[in-house]
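K.L.:
I need the structure of the sequence given here:
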Amino acid sequence: MNEAQFLVLVVEDETKMRTFVRIALEAYGHRMIEAATASDGIRQAATQSPDLMLLDLGLPDADGSSVIRRVREYSKMPILVISARGAEQSKVKALDEGADDYLTKPFGAAELMARIRVALRKVSPERDGQPSMVHVGDDIRIDLERRLVVVRGKEVHLAPNEFKLLATLVRRAGRVVTHHQLLEQVWGPDSGQQVSTLRVYMTLLRHKLERQPARPKHLMTEAGIGYRLRLEA
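P.N.:
Reported below is the predicted structural model:
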């Protein structure tokens, strides 16, 4: 059970899915409000001030992407997309427009709650600020302020763009970061760099940080979408 209780807005037109999510949320002590349409979801997001939104993309009155765009005009609330659309293009579009993560239906309660826990760290009272020191598993320490990386007790030198790439993943640890988002953060929106450049830098990072670079436990690939930093092996 969670000590902190959060209010979760579920924007989903399937009654059975809303019931499933409600049971999972209430089992962990969270409260839920629900909307079956995009328009009602936008209204409740503005008036109820939820801590997190679970959002289906296939809504009867509008595409869920429109909800993301409207909410992102005024809120940084975590948005976790839950959708039957498994195509990479749909995932990338939702993430680039401001969603924090994407979960493809069908999924289990355990996976749903794990993704929710990661997203709720953004609003948890214990994590008001971004910590300077981040531990990745038992053998990697990253000090964002000092730009210091220690792997299994030894300091590891990272080139400037390698560190910027790692820092971007650290600041969104546990969540998917798209290729577009990473390229923009590390090289700038007008750099013209390609995904192939990103893959090269990720390979370099894995060789410096992972015990088995070919079988990474922390710097995870989301095929066709981007990358995710997993803090626990």
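
K.L.:
and Leu148, how far from Asp56?
P.N.:
Distance, Leu148 to Asp56, using C-beta to C-beta, to the nearest Å: 42 Å. Where C-beta positions appear, they are placed from N, C-alpha and C, glycine not excepted.

K.L.:
the two: which is more packed in?
P.N.:
In this view Leu148 and Asp56 are compared by other C-beta atoms under 10 Å, and Asp56 has more residues nearby, 24 against 15.

K.L.:
and the strands in the chain, which stretches?
P.N.:
Remark: strands assigned in the chain by DSSP state E are 7-11, 31-35, 52-55, 79-83, 101-104, 133-136, 140-143, 148-151, 154-155, 177-178, 219-222, 226-229.

K.L.:
now do the contacts for the residue most central in space within the chain.
P.N.:
For the chain, the residue sitting closest to the mean C-alpha position, by C-alpha atoms, centre = their mean, is Arg175 at 2.4 Å. Arg175 makes contact with 100-101, 118-119, 228 under the criterion C-beta atoms under 8 Å, 6 or more residues apart in numbering.

K.L.:
tabulate the strands of the chain (JSON lines), appending distance to Ser90 and mean pLDDT.
P.N.:
Below are the strands of the chain laid out as JSON lines (distance: least, C-beta to C-beta, whole Å; pLDDT from 0 to 100):
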{"stretch": "strand 7-11", "distance to Ser90": "16", "mean pLDDT": "95"}
{"stretch": "strand 31-35", "distance to Ser90": "20", "mean pLDDT": "94"}
{"stretch": "strand 52-55", "distance to Ser90": "12", "mean pLDDT": "96"}
{"stretch": "strand 79-83", "distance to Ser90": "7", "mean pLDDT": "93"}
{"stretch": "strand 101-104", "distance to Ser90": "8", "mean pLDDT": "91"}
{"stretch": "strand 133-136", "distance to Ser90": "30", "mean pLDDT": "88"}
{"stretch": "strand 140-143", "distance to Ser90": "32", "mean pLDDT": "92"}
{"stretch": "strand 148-151", "distance to Ser90": "35", "mean pLDDT": "94"}
{"stretch": "strand 154-155", "distance to Ser90": "42", "mean pLDDT": "94"}
{"stretch": "strand 177-178", "distance to Ser90": "12", "mean pLDDT": "90"}
{"stretch": "strand 219-222", "distance to Ser90": "13", "mean pLDDT": "94"}
{"stretch": "strand 226-229", "distance to Ser90": "14", "mean pLDDT": "92"}
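
K.L.:
quick one: closest of these to Leu205.
P.N.:
Ranking these by their distance to Leu205 (criterion: C-beta to C-beta) puts strand 219-222 first, at 6.0 Å.

K.L.:
centre of the chain versus that closest one, how much separation?
P.N.:
Relative to its chain's centre, strand 219-222 lies at 12 Å (C-alpha atoms, centre = their mean, to the nearest Å).

K.L.:
show me this structure divided up by domain.
P.N.:
Per the record, the chain has its domains at 7-126, 133-229, by automatic domain parsing.
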